[in-house]
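just need the structure, nothing else, for what follows:
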Amino acid sequence: MNTQFVTPLNQAATAENQYVQVNGNRIAYRSIGSGSPIVLANRMRGTLDTWDPLFLDKLAERHTVITFDYPGVGYSTGTLPDDIGQVASFVNEFATTINLDRFAMLGWSWGGLTTQALLLDQPERVTHAILVGTNPPGPRQFPIQQVFIERAMKPINDLDDEEVLFFEPKSAFSRAAAKASHERIYARPDIVSKIPSQMAQFQVYLKAGQAFGEDKSGRRTQLTRTRTPILVISGDNDTSTAGQNWFPLIGQLRNAQFVFYPESGHGPQHQYPELSAGYIADFIARTSR
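Reported below is the predicted structural model:
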């Protein structure tokens, strides 16, 4: 057996925080596994604790998996920028600080916007882009739904909220997956206190996301020119960033692949953690140059 790809079970659930200084801020991150690195950029209100540990552990069987908290979020100090380009610049500096040269990057939701910006602004850094539950720059044919907004703006989200936000509440299969994922995540103590809960914090995310969608810098056109391998993973019932918003770009993107999961929502990698990790690892292996 090739021991390079063997990682202890439940590694993500017990991984300790590490800290580095980036632009004068104390930035928290965790690193598990071995192999080529994948940097994971989180969703709106996401912290180091809110990734499903089973998803991380399966990724870590074949890769070094690096998660982090944005400035001013979770365990990190500082202030979250309200511009996606500035967030991407932070990620670039963070990667340099922890001695990464080139790396794959996975972005979930708001983190998917950051991933696209870094891919386009610093193309020499990102070997592969995995875009989960997120949208491309530019106009949306399928806007965010009110049912998502109502739950997303609550100071604290419970399992019932998570079913609506990240899964497909009409599906018994999806609800069961939501419960299992919730239990894995909340096995760590004191998750809630680190999750952004104030409207002022929400507005920073929303302002950055709105500007990315307006796309005054022309990133949508730039995205059609890149040859960096891109994997888009979507749920078929995402009420926030509908995967169908990628459809107009099919045939224009030069090196993109698409996966749609059935009976799933905005957090497809948490509903299908093992399947998603397998797709991602195989995608990277088969498209590496």
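
so Pro229 touches Leu131, yeah?
No. Here Pro229 lies out of contact with Leu131, judged by C-beta atoms under 8 Å, at a distance of 11.3 Å. Just so you know, the C-beta spots here come from the backbone N, C-alpha and C atoms, and that holds for glycine as well.

out of the two, which sits in the busier spot?
Each of Pro229 and Leu131 has its neighbours counted (other C-beta atoms under 10 Å); Leu131 has more, 28 against 21.

let's verify the more buried one: helix, strand, or coil?
Using DSSP: H, G, I helix; E, B strand; the rest coil, the structure places Leu131 in strand.

isn't it right up against Gly112?
Yes. Using C-beta under 8 Å, Leu131 makes contact with Gly112 at a distance of 4.5 Å.

which residues sit against stretch 246-258?
Residues from elsewhere that reach stretch 246-258, judged by C-beta atoms under 8 Å, 6 or more residues apart in numbering: 135-136, 141, 220, 223-232, 234, 243, 283, 287.

give me the neighbour count for Ile280.
25.

return the residues in contact with the closest residue to it other than its chain neighbours.
Leaving aside its sequence neighbours, Ile280 sits nearest to Ile130 (C-beta to C-beta, 6 or more residues apart in numbering; 5.5 Å). Residues counted as contacts of Ile130 (C-beta under 8 Å, 6+ apart) are Ile38, Ala104, Met105, Leu106, Gly107, Thr115, Ile230, Leu231, Ile233, Ile280, Phe283.

could you report the neighbour count for Ala180?
Ala180, neighbours per other C-beta under 10 Å, totals 15.

would you mind measuring from it to Pro37?
Look at Ala180 and Pro37: by C-beta to C-beta, to the nearest Å, they are 28 Å apart.

again with Ser197
31 Å.

out of those two, which sits in the busier spot?
Set Ser197 next to Pro37 and count neighbours by other C-beta under 10 Å: Pro37 wins out with 21 against 14.

phi and psi next, for the more buried one.
phi -80, psi 140 (degrees, to the nearest 10).

which strand residues bridge it?
Note on Pro37: beta-bridge partners by DSSP bridges are Thr64.

how about the contacts made by it?
Pro37 neighbours (C-beta under 8 Å, 6+ apart): His63, Thr64, Val65, Ile66, Leu100, Phe103, Ala104.

go through these and single out the one with the most neighbours.
Comparing the contacts of Pro37 by number of neighbours (other C-beta under 10 Å), Val65 comes first, having 29 neighbours.

ok, that one touching Ile38?
Yes. If you go by C-beta under 8 Å, Val65 and Ile38 touch, sitting 5.6 Å apart.

mark which of the contacts of stretch 246-258 are buried, thanks.
135-136, 220, 223, 226, 228-232, 234, 243, 283, 287 (16 or more other C-beta atoms under 10 Å).

mind checking which of those are in helices?
The helices, defined by DSSP state H, take in Arg220, Leu223, Phe283, Thr287 from the buried ones among the contacts of stretch 246-258.
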